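Chemist: requesting a structural model of the entry that follows:
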Amino acid sequence: MKIKHCCVSVLDVPEVLPFGFESEVAGSVQDILEYNDHSDEVLSDFMSDLEREFCEGVYTLGTDVVGDKFYRRFMFEKGGFAEVAIERPCAIIAHFISLERGHAFAEALSKVINKYVKGEIGELLIGDIQVSFQEESELNNYKIAELRKLRNV
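Modeler: Model (predicted):
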């Protein structure tokens, strides 16, 4: 089995994406998300615009908490998925199996960011979009056995 992976990512270091929030409320995950309901609405609009620019359906998979970060996960109709860290600083990380889809997503993401963040700061954020591709040789029985040995150590 060959491993192919394209990752498109951007970290909102200047904290200008409109759907980010600070976790000001103590309590359960549900309390924090309900308190920051406005970010869900803005993220929904952002993803709808991305859906139009990317020219394929985007479906919500749900919310997840990893460490101290809140993530919304989305699946693309023609394959791939995205994770959006909605607590500041926000991050958008999308995963595909082809470099072409990664570049197409990066272009669509650039257009949507440009719509929401104007001026020089928007251009800087767009310039920070990273597209990386990794392709590894086949995973054979020998490598699988070695990985199992490592896991059992």
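Chemist: next, work out how far apart residue 82 and residue 124 are.
Modeler: Taking CB to CB, to the nearest Å as the measure, residue 82 falls 21 Å from residue 124. In this view, the C-beta of every residue, glycine as well, is placed from N, C-alpha and C.
Chemist: where in the protein is the helix or strand with the lowest mean pLDDT?
Modeler: None of the helices or strands of the chain scores lower by mean pLDDT, DSSP states H and E than helix 29-35, at a mean of 58.
Chemist: closest to the centroid, which residue in the protein?
Modeler: residue 93 (2.6 Å; CA atoms, centre = their mean).
Chemist: element containing that one?
Modeler: Taking DSSP states H and E as the criterion, residue 93 maps to strand 91-96.
Chemist: tell me the average confidence for that strand?
Modeler: Averaged across strand 91-96, pLDDT comes to 96.
Chemist: next: stretch 40-50.
Modeler: Averaging pLDDT along stretch 40-50 yields 92.
Chemist: can you classify the closest residue to residue 7 other than its chain neighbours by secondary structure?
Modeler: Nearest residue to residue 7, sequence neighbours excluded (CB to CB, 6 or more residues apart in numbering): residue 132, at 5.1 Å. The assignment at residue 132 comes out as strand when based on DSSP: H, G, I helix; E, B strand; the rest coil.
Chemist: just the pLDDT for residue 132.
Modeler: You'll see residue 132 listed with a pLDDT of 93.
Chemist: now swap in residue 152 and tell me
Modeler: Looking at residue 152, its pLDDT is 63.
Chemist: residue 132 versus residue 76, what's the distance?
Modeler: Residue 76 sits 18 Å away from residue 132, taking CB to CB as the criterion.
Chemist: these two - which one has more neighbours?
Modeler: residue 76 (20 against 11; other CB atoms under 10 Å).
Chemist: so where's this structure shaky on pLDDT?
Modeler: Scanning the chain for pLDDT under 70 picks out 1-3, 23-37, 137-144, 146-147, 150-153.
Chemist: so where do the strands sit in it?
Modeler: With DSSP state E as the criterion, the chain has strands at 3-11, 58-66, 69-76, 81-85, 91-96, 130-136.
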